[in-house]
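**Q** this is a predicted model, with the sequence first.
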Amino acid sequence: MLILGIETSCDETSAAVVEETGNVDRPWTVRSNVVASQIPIHREWGGVVPELASRQHIRDICGVVERALEDAGAAWADLGAMAVTQGPGLVGSLLVGVAFAKASAAAAGLPLVAVHHLAGHIESLVLENGELPLPAVVLVVSGGHTSLYLVREAGHYELLSRTRDDAAGEAYDKVAKLLGLGYPGGPVIDRLAAGGNDRAVPLPTTRLTHADRNAPTLKGDLDFSFSGLKTAVLHYVRKKGNDSRPLFTESEIADVCASFQRVVVTVLIDRLFDAARRYQAKGVGIAGGVSANSRLRAELRQYGRLREMPTFLPSLGLSTDNAAMIAAAGLRKFRAGITAPDDLNADASLTL
Ligand code: KG4
Ligand code: ZN
(Lines give C-alpha, C1' and ligand atoms only; values in the text may rest on other atoms or scores of the structure.)
(Ligands and ions follow the chains in the order given, each with its own letter.)
Protein backbone atom coordinates (compact mmCIF):
# COMPACT_ATOMS: atom_id res chain seq x y z
CA MET A 1 0.00 0.00 0.00
CA LEU A 2 1.09 3.58 -0.71
CA ILE A 3 0.41 6.55 1.56
CA LEU A 4 0.80 10.23 0.67
CA GLY A 5 2.13 12.36 3.53
CA ILE A 6 1.88 16.15 3.81
CA GLU A 7 3.86 18.40 6.17
CA THR A 8 3.45 22.20 6.45
CA SER A 9 3.92 22.88 10.17
CA CYS A 10 6.67 25.50 9.88
CA ASP A 11 8.74 26.74 6.95
CA GLU A 12 8.98 23.65 4.75
CA THR A 13 6.26 22.55 2.34
CA SER A 14 6.71 18.83 1.93
CA ALA A 15 4.91 15.87 0.36
CA ALA A 16 6.09 12.25 0.23
CA VAL A 17 4.94 8.83 -0.85
CA VAL A 18 5.83 5.97 1.48
CA GLU A 19 5.24 2.31 0.76
CA GLU A 20 4.33 -0.40 3.20
CA THR A 21 6.73 -3.29 2.65
CA GLY A 22 5.03 -6.12 4.51
CA ASN A 23 8.37 -6.77 6.23
CA VAL A 24 7.92 -6.72 10.04
CA ASP A 25 11.40 -5.46 10.85
CA ARG A 26 11.59 -2.85 8.12
CA PRO A 27 7.94 -1.84 7.68
CA TRP A 28 8.22 1.11 5.25
CA THR A 29 10.28 2.49 2.38
CA VAL A 30 10.37 6.03 0.99
CA ARG A 31 9.22 6.19 -2.66
CA SER A 32 9.52 9.98 -2.86
CA ASN A 33 10.11 12.91 -0.50
CA VAL A 34 9.85 16.45 -1.89
CA VAL A 35 10.73 19.41 0.34
CA ALA A 36 10.28 23.04 -0.75
CA SER A 37 12.23 25.06 1.79
CA GLN A 38 11.30 28.67 2.56
CA ILE A 39 14.62 29.44 4.22
CA PRO A 40 15.67 32.07 1.60
CA ILE A 41 12.39 33.94 2.23
CA HIS A 42 12.71 34.05 6.02
CA ARG A 43 16.48 34.60 6.10
CA GLU A 44 15.94 38.24 5.22
CA TRP A 45 13.97 38.69 8.47
CA GLY A 46 16.28 36.67 10.70
CA GLY A 47 13.65 34.01 11.49
CA VAL A 48 10.36 32.52 10.36
CA VAL A 49 7.63 35.10 9.66
CA PRO A 50 4.37 33.16 10.16
CA GLU A 51 2.24 35.14 7.70
CA LEU A 52 4.84 34.82 4.95
CA ALA A 53 5.16 31.10 5.72
CA SER A 54 1.45 30.33 5.31
CA ARG A 55 1.21 32.34 2.08
CA GLN A 56 4.21 30.48 0.64
CA HIS A 57 2.73 27.10 1.63
CA ILE A 58 -0.37 28.01 -0.42
CA ARG A 59 1.81 28.79 -3.45
CA ASP A 60 3.88 25.61 -3.14
CA ILE A 61 1.56 22.87 -1.95
CA CYS A 62 -0.01 21.76 -5.27
CA GLY A 63 3.30 21.60 -7.13
CA VAL A 64 5.03 19.79 -4.27
CA VAL A 65 2.31 17.12 -4.08
CA GLU A 66 2.30 16.63 -7.88
CA ARG A 67 6.07 16.26 -7.84
CA ALA A 68 5.96 13.74 -4.98
CA LEU A 69 3.48 11.58 -6.92
CA GLU A 70 5.53 11.90 -10.10
CA ASP A 71 8.82 10.98 -8.35
CA ALA A 72 7.11 7.94 -6.84
CA GLY A 73 5.68 6.92 -10.23
CA ALA A 74 2.25 6.91 -8.61
CA ALA A 75 -1.16 8.34 -9.46
CA TRP A 76 -3.91 9.32 -7.01
CA ALA A 77 -5.65 6.02 -7.81
CA ASP A 78 -2.60 4.06 -6.56
CA LEU A 79 -2.80 5.55 -3.05
CA GLY A 80 -4.41 3.74 -0.13
CA ALA A 81 -4.44 6.61 2.40
CA MET A 82 -3.21 10.12 3.18
CA ALA A 83 -1.53 11.55 6.28
CA VAL A 84 -1.10 15.15 7.34
CA THR A 85 0.57 17.01 10.21
CA GLN A 86 -2.19 18.30 12.49
CA GLY A 87 0.16 20.05 14.96
CA PRO A 88 2.04 21.40 16.78
CA GLY A 89 3.40 24.29 14.71
CA LEU A 90 2.35 27.63 13.24
CA VAL A 91 -1.41 27.57 12.94
CA GLY A 92 -1.59 29.37 9.58
CA SER A 93 0.99 26.98 8.11
CA LEU A 94 -0.69 23.89 9.55
CA LEU A 95 -4.05 25.01 8.17
CA VAL A 96 -2.76 24.97 4.60
CA GLY A 97 -1.70 21.32 4.87
CA VAL A 98 -4.80 20.24 6.78
CA ALA A 99 -7.21 21.99 4.38
CA PHE A 100 -5.37 20.61 1.35
CA ALA A 101 -5.32 17.09 2.80
CA LYS A 102 -8.99 17.10 3.79
CA ALA A 103 -10.09 18.35 0.38
CA SER A 104 -7.91 16.02 -1.67
CA ALA A 105 -8.64 12.96 0.52
CA ALA A 106 -12.36 13.62 0.11
CA ALA A 107 -12.02 14.13 -3.64
CA ALA A 108 -9.92 10.97 -4.10
CA GLY A 109 -12.04 8.93 -1.67
CA LEU A 110 -9.03 8.21 0.58
CA PRO A 111 -8.95 7.75 4.34
CA LEU A 112 -7.02 10.55 6.10
CA VAL A 113 -4.78 10.17 9.17
CA ALA A 114 -3.85 13.13 11.42
CA VAL A 115 -0.25 13.00 12.63
CA HIS A 116 1.56 14.70 15.52
CA HIS A 117 4.70 16.38 14.15
CA LEU A 118 6.94 14.86 16.84
CA ALA A 119 5.54 11.35 16.26
CA GLY A 120 6.73 11.94 12.69
CA HIS A 121 10.24 12.82 13.86
CA ILE A 122 10.35 9.70 16.06
CA GLU A 123 9.15 7.45 13.22
CA SER A 124 11.81 8.94 10.92
CA LEU A 125 14.18 6.65 12.83
CA VAL A 126 12.19 3.56 11.89
CA LEU A 127 11.96 4.57 8.21
CA GLU A 128 15.65 3.93 7.67
CA ASN A 129 16.68 1.67 10.52
CA GLY A 130 13.69 -0.61 10.85
CA GLU A 131 11.77 -1.10 14.11
CA LEU A 132 13.65 0.10 17.20
CA PRO A 133 14.60 -2.35 19.95
CA LEU A 134 12.08 -1.62 22.73
CA PRO A 135 11.94 0.00 25.16
CA ALA A 136 13.74 2.84 23.42
CA VAL A 137 14.41 6.41 24.54
CA VAL A 138 14.22 9.02 21.77
CA LEU A 139 15.36 12.62 21.99
CA VAL A 140 13.41 14.90 19.66
CA VAL A 141 15.43 18.06 19.23
CA SER A 142 14.47 20.80 16.79
CA GLY A 143 13.81 24.51 16.47
CA GLY A 144 10.59 24.20 18.46
CA HIS A 145 11.16 21.20 20.76
CA THR A 146 13.67 19.45 22.97
CA SER A 147 11.89 16.46 24.50
CA LEU A 148 12.70 12.95 25.63
CA TYR A 149 10.20 10.20 24.85
CA LEU A 150 10.05 6.63 26.08
CA VAL A 151 8.75 4.17 23.49
CA ARG A 152 7.74 0.95 25.25
CA GLU A 153 5.46 -0.19 22.45
CA ALA A 154 5.66 0.85 18.77
CA GLY A 155 3.40 3.84 18.13
CA HIS A 156 3.09 4.82 21.82
CA TYR A 157 5.16 7.77 22.99
CA GLU A 158 5.51 8.65 26.68
CA LEU A 159 6.86 12.12 27.44
CA LEU A 160 9.72 11.91 29.98
CA SER A 161 10.99 15.49 29.90
CA ARG A 162 11.23 18.63 27.83
CA THR A 163 12.86 22.01 27.81
CA ARG A 164 11.66 24.54 30.36
CA ASP A 165 12.45 27.46 28.04
CA ASP A 166 14.21 27.57 24.66
CA ALA A 167 14.53 24.55 22.38
CA ALA A 168 18.11 23.58 21.48
CA GLY A 169 17.59 24.56 17.82
CA GLU A 170 16.12 27.87 18.94
CA ALA A 171 19.26 28.50 21.04
CA TYR A 172 21.39 27.76 17.95
CA ASP A 173 19.31 30.20 15.91
CA LYS A 174 19.47 32.96 18.56
CA VAL A 175 23.20 32.59 19.18
CA ALA A 176 23.85 32.69 15.42
CA LYS A 177 21.76 35.84 15.20
CA LEU A 178 23.69 37.62 17.92
CA LEU A 179 26.98 36.62 16.28
CA GLY A 180 25.65 37.98 12.98
CA LEU A 181 25.78 34.57 11.29
CA GLY A 182 22.30 34.53 9.73
CA TYR A 183 19.38 32.09 9.73
CA PRO A 184 19.07 29.18 10.38
CA GLY A 185 21.83 29.10 12.96
CA GLY A 186 22.36 25.36 13.39
CA PRO A 187 24.16 24.50 10.17
CA VAL A 188 26.47 27.55 10.22
CA ILE A 189 27.45 27.18 13.90
CA ASP A 190 28.04 23.48 13.29
CA ARG A 191 30.37 24.30 10.38
CA LEU A 192 32.29 27.09 12.16
CA ALA A 193 32.61 25.10 15.39
CA ALA A 194 34.81 22.59 13.57
CA GLY A 195 37.58 25.22 13.39
CA GLY A 196 37.29 26.50 16.97
CA ASN A 197 38.54 25.63 20.44
CA ASP A 198 35.60 24.21 22.39
CA ARG A 199 37.13 25.18 25.75
CA ALA A 200 37.96 28.77 24.83
CA VAL A 201 34.82 30.39 26.24
CA PRO A 202 33.59 29.38 29.71
CA LEU A 203 29.83 28.79 29.40
CA PRO A 204 27.40 27.36 31.99
CA THR A 205 25.66 23.99 31.86
CA THR A 206 22.18 23.84 33.35
CA ARG A 207 21.21 20.80 35.39
CA LEU A 208 17.66 20.89 36.70
CA THR A 209 16.98 19.01 39.89
CA HIS A 210 13.52 20.21 40.88
CA ALA A 211 10.11 19.41 39.41
CA ASP A 212 8.34 21.93 37.23
CA ARG A 213 5.13 23.36 38.69
CA ASN A 214 3.72 23.58 35.18
CA ALA A 215 4.28 19.87 34.54
CA PRO A 216 3.47 18.01 37.77
CA THR A 217 3.41 14.62 36.05
CA LEU A 218 7.08 14.85 35.04
CA LYS A 219 9.89 14.27 37.53
CA GLY A 220 11.72 17.29 36.17
CA ASP A 221 15.29 16.11 36.67
CA LEU A 222 15.57 15.06 33.02
CA ASP A 223 14.34 18.46 31.80
CA PHE A 224 16.45 20.81 29.67
CA SER A 225 17.07 24.56 29.80
CA PHE A 226 18.97 26.58 27.19
CA SER A 227 18.04 30.19 27.88
CA GLY A 228 20.80 30.66 30.49
CA LEU A 229 23.38 29.41 28.03
CA LYS A 230 22.07 31.74 25.32
CA THR A 231 22.21 34.70 27.75
CA ALA A 232 25.76 33.76 28.78
CA VAL A 233 26.83 33.91 25.13
CA LEU A 234 25.07 37.28 24.83
CA HIS A 235 26.95 38.69 27.85
CA TYR A 236 30.25 37.36 26.53
CA VAL A 237 29.65 38.94 23.13
CA ARG A 238 28.56 42.28 24.65
CA LYS A 239 31.63 42.39 26.89
CA LYS A 240 34.05 41.61 24.07
CA GLY A 241 32.50 43.56 21.23
CA ASN A 242 30.33 46.61 21.19
CA ASP A 243 26.56 46.45 21.26
CA SER A 244 25.69 46.87 17.63
CA ARG A 245 28.65 45.17 16.02
CA PRO A 246 30.67 42.49 17.79
CA LEU A 247 34.36 42.99 17.10
CA PHE A 248 35.40 39.42 16.73
CA THR A 249 37.98 37.82 14.53
CA GLU A 250 36.95 34.74 12.57
CA SER A 251 38.85 32.50 14.94
CA GLU A 252 37.17 34.05 17.99
CA ILE A 253 33.77 33.45 16.43
CA ALA A 254 34.77 29.84 15.78
CA ASP A 255 35.75 29.54 19.46
CA VAL A 256 32.36 30.83 20.63
CA CYS A 257 30.59 28.43 18.25
CA ALA A 258 32.68 25.46 19.37
CA SER A 259 32.25 26.26 23.08
CA PHE A 260 28.49 26.77 22.73
CA GLN A 261 28.12 23.56 20.72
CA ARG A 262 30.14 21.54 23.24
CA VAL A 263 27.78 22.56 26.07
CA VAL A 264 24.59 21.91 24.07
CA VAL A 265 25.74 18.50 22.86
CA THR A 266 27.03 17.44 26.29
CA VAL A 267 23.72 18.29 27.95
CA LEU A 268 21.65 16.52 25.28
CA ILE A 269 23.77 13.35 25.35
CA ASP A 270 23.98 13.24 29.17
CA ARG A 271 20.22 13.52 29.67
CA LEU A 272 19.51 11.00 26.89
CA PHE A 273 21.78 8.38 28.44
CA ASP A 274 20.52 9.19 31.98
CA ALA A 275 17.00 8.41 30.74
CA ALA A 276 18.18 5.28 28.92
CA ARG A 277 19.71 3.97 32.14
CA ARG A 278 16.68 4.86 34.25
CA TYR A 279 14.22 3.13 31.89
CA GLN A 280 16.52 0.25 30.94
CA ALA A 281 16.33 1.13 27.28
CA LYS A 282 17.55 -1.34 24.66
CA GLY A 283 18.20 1.47 22.19
CA VAL A 284 18.45 5.26 22.02
CA GLY A 285 17.74 7.62 19.15
CA ILE A 286 17.91 11.30 18.26
CA ALA A 287 15.56 12.88 15.71
CA GLY A 288 14.55 16.40 14.62
CA GLY A 289 16.46 19.22 12.91
CA VAL A 290 19.31 19.38 15.45
CA SER A 291 20.01 15.65 14.92
CA ALA A 292 21.77 16.85 11.74
CA ASN A 293 24.49 18.29 14.00
CA SER A 294 27.85 16.66 13.33
CA ARG A 295 29.10 16.71 16.92
CA LEU A 296 25.82 15.38 18.29
CA ARG A 297 25.86 12.53 15.77
CA ALA A 298 29.49 11.67 16.54
CA GLU A 299 29.00 11.75 20.34
CA LEU A 300 25.83 9.65 20.14
CA ARG A 301 27.70 6.94 18.25
CA GLN A 302 30.73 7.18 20.52
CA TYR A 303 28.68 6.95 23.75
CA GLY A 304 26.59 4.16 22.29
CA ARG A 305 29.70 2.12 21.54
CA LEU A 306 31.15 2.84 24.98
CA ARG A 307 27.97 1.76 26.77
CA GLU A 308 27.14 -1.02 24.31
CA MET A 309 23.84 0.63 23.51
CA PRO A 310 22.44 0.53 19.96
CA THR A 311 21.99 4.09 18.65
CA PHE A 312 19.70 5.45 15.93
CA LEU A 313 19.80 8.59 13.80
CA PRO A 314 17.92 9.67 10.68
CA SER A 315 19.95 10.41 7.54
CA LEU A 316 20.51 14.15 7.04
CA GLY A 317 17.59 14.42 4.59
CA LEU A 318 15.16 13.04 7.16
CA SER A 319 16.52 15.07 10.11
CA THR A 320 14.84 18.35 9.27
CA ASP A 321 11.14 18.65 8.53
CA ASN A 322 9.87 16.36 5.78
CA ALA A 323 6.68 14.56 4.81
CA ALA A 324 8.15 11.04 4.59
CA MET A 325 8.23 10.85 8.39
CA ILE A 326 4.60 12.07 8.52
CA ALA A 327 3.57 9.40 6.03
CA ALA A 328 5.37 6.74 8.11
CA ALA A 329 3.72 7.82 11.37
CA GLY A 330 0.42 7.99 9.47
CA LEU A 331 0.79 4.42 8.23
CA ARG A 332 1.41 3.21 11.76
CA LYS A 333 -1.77 4.94 12.99
CA PHE A 334 -3.76 3.75 9.98
CA ARG A 335 -2.77 0.14 10.71
CA ALA A 336 -3.91 0.68 14.31
CA GLY A 337 -7.32 1.62 12.88
CA ILE A 338 -7.14 5.35 13.64
CA THR A 339 -8.30 7.84 11.00
CA ALA A 340 -9.22 11.53 11.25
CA PRO A 341 -12.79 12.79 11.65
CA ASP A 342 -14.33 14.83 8.83
CA ASP A 343 -14.11 17.99 10.93
CA LEU A 344 -10.35 17.63 11.54
CA ASN A 345 -8.75 20.96 12.41
CA ALA A 346 -5.16 22.15 12.80
CA ASP A 347 -3.99 22.38 16.42
CA ALA A 348 -0.99 24.63 17.03
CA SER A 349 -0.32 23.18 20.50
CA LEU A 350 -1.34 19.55 19.98
CA THR A 351 0.08 17.26 22.67
CA LEU A 352 1.49 13.81 22.02
O1 KG4 B 1 12.96 19.81 12.79
P2 KG4 B 1 13.23 21.12 12.15
O3 KG4 B 1 13.49 21.15 10.66
O4 KG4 B 1 12.04 22.13 12.38
C5 KG4 B 1 11.36 22.21 13.58
O6 KG4 B 1 10.43 21.38 13.79
O7 KG4 B 1 11.74 23.10 14.37
O8 KG4 B 1 14.46 21.80 12.94
C9 KG4 B 1 15.00 23.05 12.58
C10 KG4 B 1 16.09 23.41 13.59
C11 KG4 B 1 16.62 24.84 13.44
O12 KG4 B 1 16.62 25.46 14.71
C13 KG4 B 1 18.05 24.64 12.93
O14 KG4 B 1 18.94 25.67 13.36
C15 KG4 B 1 18.40 23.30 13.55
O16 KG4 B 1 17.21 22.54 13.45
N17 KG4 B 1 19.50 22.64 12.83
C18 KG4 B 1 20.72 22.36 13.39
C19 KG4 B 1 21.51 21.80 12.37
N20 KG4 B 1 20.76 21.74 11.22
C21 KG4 B 1 19.54 22.26 11.53
N22 KG4 B 1 21.17 22.57 14.63
C23 KG4 B 1 22.44 22.21 14.89
N24 KG4 B 1 23.27 21.68 13.98
C25 KG4 B 1 22.85 21.45 12.71
N26 KG4 B 1 23.69 20.91 11.81
ZN1 ZN C 1 10.34 19.40 13.11
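**A** Nice, thanks for sending it over. Residues are numbered from 1 along each chain as shown. Ligands and ions are numbered 1, 2, ... in the order given.
**Q** what about Arg238, neighbour count?
**A** Counted with other CB atoms under 10 Å, the neighbours of Arg238 add up to 12. For every residue, glycine as well, the C-beta is placed using N, CA and C.
**Q** so it is in which element?
**A** Per DSSP states H and E, Arg238 falls inside helix 227-240.
**Q** give me the buried positions along that helix.
**A** For helix 227-240, the neighbour count (16 or more other CB atoms under 10 Å) marks 229-230, 232-233, 236-237 as buried.
**Q** do a quick rundown of the strands in the stretch 101-250 of the chain.
**A** For the stretch 101-250 of the chain, the strands defined by DSSP state E, counting those that start in this stretch cover 112-116, 136-141, 146-151, 158-162.
**Q** sec struct for the residue nearest to Ala346 when sequence neighbours are not counted, please.
**A** Residue nearest to Ala346 in three dimensions, not counting chain neighbours: Leu94, with 3.6 Å by CB to CB, 6 or more residues apart in numbering. Here Leu94 is helix, with the state taken from DSSP: H, G, I helix; E, B strand; the rest coil.
**Q** circling back to that earlier point, with respect to Ser54, which of the buried residues of helix 227-240 is nearest?
**A** Using CB to CB, Lys230 comes nearest to Ser54 of those, at 27.5 Å.
**Q** any idea how far that closest one is from Gly97?
**A** For Lys230, the distance to Gly97 equals 31 Å [CB to CB, to the nearest Å].
**Q** residue nearest the centroid of the chain?
**A** Most central in the chain under CA atoms, centre = their mean is Gly288, positioned 2.3 Å from the mean C-alpha point.
**Q** all helices of the stretch 151-300 of the chain, in order?
**A** 168-178, 185-193, 227-240, 250-278, 294-306 (DSSP state H, counting those that start in this stretch).
**Q** could you give me the average pLDDT of the fourth one?
**A** Okay, so that is helix 250-278. For helix 250-278, mean pLDDT is 97.
**Q** what helix or strand is Ser14 on?
**A** strand 12-20.
**Q** average pLDDT for that strand?
**A** In this model, strand 12-20 has an average pLDDT of 97.
**Q** quick one: list the elements packing against that strand.
**A** Contact here means 3 or more CB pairs under 8 Å, 6 or more residues apart in numbering; DSSP states H and E; on that basis strand 12-20 packs against strand 2-7, strand 28-37, helix 50-72, helix 323-335.
**Q** contact residues of the protein facing ligand 1?
**A** With the criterion set to CB under 6 Å from any ligand atom, the chain comes near ligand 1 through 10, 142-144, 169, 172-173, 184-187, 190, 288-290, 292-293, 320-321.
**Q** burial measure for Thr266, as a count.
**A** By the criterion of other CB under 10 Å, Thr266 has 15 neighbours.
**Q** tell me the spacing between it and Arg238.
**A** 24 Å.
**Q** and what of Ile338?
**A** Distance from Ile338 to Arg238, by CB to CB: 51 Å.
**Q** with Val65 instead?
**A** Note on Val65: its distance to Arg238, by CB to CB, is 47 Å.
**Q** could you count how many residues lie near Gly180?
**A** Using other CB under 10 Å, Gly180 is surrounded by 12 other residues.
**Q** from Pro187, how far off is it?
**A** Applying CB to CB to Gly180 and Pro187 gives a distance of 15 Å.
**Q** please apply the same query to Gly22.
**A** Gly22 is 37 Å from Pro187, by CB to CB.
**Q** ok, and the closest non-adjacent residue to the residue in the stretch 51-200 of the chain that ligand 2 sits nearest to?
**A** Using CB to the ion, Ser142 is the residue of the stretch 51-200 of the chain that sits closest to ligand 2, at 4.2 Å. Spatial nearest neighbour of Ser142, chain neighbours left out: Gly288 (3.6 Å); criterion: CB to CB, 6+ apart.
**Q** before we move on, what about Met309?
**A** Leaving aside its sequence neighbours, Met309 sits nearest to Val284 (CB to CB, 6+ apart; 5.9 Å).
**Q** the one you found against Arg278, yeah?
**A** No. Checked against CB atoms under 8 Å, the pair Val284 and Arg278 is beyond contact range at 11.9 Å.
**Q** compare those two (neighbour count), which wins?
**A** Val284 (25 against 14).
**Q** mind listing what that one touches?
**A** 136-139, 272-273, 276, 300, 304, 309-312 (CB atoms under 8 Å, 6 or more residues apart in numbering).
**Q** in those residues, find the pair that's most separated.
**A** Taking CB to CB, no two of the contacts of Val284 sit farther apart than Leu139 and Pro310, at 14.6 Å.
**Q** neighbour count winner among those two?
**A** Applying other CB under 10 Å to Leu139 and Pro310 shows that Leu139 carries more neighbours, namely 30 against 15.
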